[in-house]
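Visitor: 3D model of this:
(one chain, ligands or ions: 1)
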Amino acid sequence: MRSLLTLFLLAAVPAWASIHPGGFPPQMSPTGQLIDNLYNIIFIIIAVIAFTVAVPIGYVLWRFRRARNPRPATFSHSTTLELLWTIIPALICIFISYESYFAMVKLRTMPADGMNVEVVGYQFGWDFYYPDASENGTHVKFDAPSQPDAALSTPGHERYVPTLVVPTGRPIILHITSADVIHSFYNPHLGFKIDAFPGRINYVWFEVDQPGTWLGQCAELCGANHADMFFRVKAVSPAEFADYIKARRVDAGLPPVHVESPTTIVSGTPTLTPVAASVPGTAPLVNTTGGVTATALISGTPGNLSPSMK
Ligand SMILES: [Cu+2]
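Guide: Predicted coordinates:
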């Protein structure tokens, strides 16, 4: 048993350290930093509690062992101690609740100046829509990958990895839903892991200040090719993003420059009409990687298989 545990630790610790040297990956978004800070505060509190409980218990076990104290003391109760070990834990719980509550409020309040993106999970991939750049019922969407991903594909197993392109320096509000089963939109670098439910929309926001690309993955076992559901979030400068959106608008058959005012959202209560709800009863939109967008959710058409399933 002991050698098994040793073996496990010998294998697991270097494996973990090689993935995340020093612990969690660096957080690129203030939301992720908030979660990490809260985790660190609570971890320190737990460590102090463990230490202040374990050390006195160890001392008492050693100091007052039977061999040294053949005749036990007969006293019991201490009002001072009873009060202390009730009040101190209560204060710690109140502090943790307070910190958690305000962190939760910040995470769940969508910034008023955020840019909206709709994320639709399906077996087995992701679609991204830019409702703020869409108009007259024409949905501007991401540039679907036409080539298997070089880094994540192996011979005989191709993976098509979509990229969500966002501008730096602006909050991004994700509206997350699913066209079939439950998925989970997870990016460990950006502080979000939100379930994608068919027929429901979940919200989360993040913001990135520097350009970069961060890999994410579906985190809810959703079927045979669950492990293929990678995605990347790529942050580019606002000027580069404007060019990207122009190209996506042309792809959608729209003029490159947007003429409507962008969708506005009241802080905390998104009022956006999602793709999933704005085109009820229409035929499903099949994307280039073989998936079906949220339109299928309304019309009841089951999702198509991704290329790697065919
Ligand atoms: Cu999934």
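Visitor: Please count neighbours and contacts with C-alpha atoms only from this point.
Guide: Noted.
Visitor: I'd like to know how far S100 sits from I87.
Guide: Computed as Cα to Cα, to the nearest Å, the S100 to I87 distance reads 20 Å.
Visitor: Revised request: answer the last question for F51.
Guide: From F51 over to I87 the distance is 19 Å, taken as Cα to Cα.
Visitor: Mind jotting down where the helices sit in the stretch 151-300 of the chain?
Guide: For the stretch 151-300 of the chain, the helices defined by DSSP state H, counting those that start in this stretch cover 238-251, 275-278, 295-299.
Visitor: Where among these is average confidence lowest?
Guide: Ranked by mean pLDDT, those end with helix 295-299 at the bottom, a mean of 33.
Visitor: just for the stretch 201-310 of the chain, where's the confidence low?
Guide: 258-310 (pLDDT under 70).
Visitor: show me where it has strands.
Guide: In chain order, the stretch 201-310 of the chain shows strands spanning 202-206, 212-218, 230-236, with DSSP state E, counting those that start in this stretch as the criterion.
Visitor: and of those, who's closest to A150?
Guide: strand 230-236 (12.7 Å; Cα to Cα).
Visitor: got the residues of the stretch 201-310 of the chain near the ion?
Guide: Residues of the stretch 201-310 of the chain lying near the ion by Cα under 5 Å from the ion: C218, C222, H226.
Visitor: average pLDDT across stretch 159-175?
Guide: Confidence for stretch 159-175, expressed as mean pLDDT, is 94.
Visitor: distance between the ends of that stretch?
Guide: Stretch 159-175: ends 24 Å apart by Cα to Cα.
Visitor: go on, stretch 178-195?
Guide: Termini of stretch 178-195 sit 9 Å apart (Cα to Cα).
Visitor: Enumerate the positions of it that are buried.
Guide: Of all the residues in stretch 178-195, those buried under the rule 16 or more other Cα atoms under 10 Å are 178-195.
Visitor: out of those residues, which are inside strands?
Guide: Applying DSSP state E to the buried residues of stretch 178-195, the entries found in strands are S178, H183, S184, F185, Y186, N187, F192, K193, I194, D195.
Visitor: residue contacts, A150?
Guide: Applying Cα atoms under 8 Å, 6 or more residues apart in numbering to A150 gives no contacts.
Visitor: ok, and it, which helix or strand is that part of?
Guide: Using DSSP states H and E, A150 sits in no helix or strand.
Visitor: where do the helices sit along the stretch 1-150 of the chain?
Guide: For the stretch 1-150 of the chain, the helices defined by DSSP H, counting those that start in this stretch cover 2-19, 30-63, 79-108.
Visitor: Output these in TSV; the columns should cover distance to the ion and mean pLDDT.
Guide: Output for those, formatted as TSV (distance: least, Cα to the ion, whole Å; pLDDT from 0 to 100):
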stretch	distance to the ion	mean pLDDT
helix 2-19	22	61
helix 30-63	22	93
helix 79-108	23	94
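Visitor: which of the buried residues of stretch 178-195 come close to the ion?
Guide: Contacts with the ion within the buried residues of stretch 178-195, counted by Cα under 5 Å from the ion: H183.
Visitor: and G216, bridged to which residues?
Guide: For G216, the beta-bridge partners are F231 (DSSP bridges).
Visitor: quick revisit: and S100 and I87? which has more neighbours close in?
Guide: Taking other Cα atoms under 10 Å, S100 and I87 do not tie; S100 has more neighbours (17 against 12).
Visitor: ok, the closest residue to that one other than its chain neighbours - how many residues close by?
Guide: Using Cα to Cα, 6 or more residues apart in numbering and skipping residues adjacent in sequence, the residue nearest S100 is L38, 7.3 Å away. Around L38 there are 15 other residues, counting by other Cα under 10 Å.
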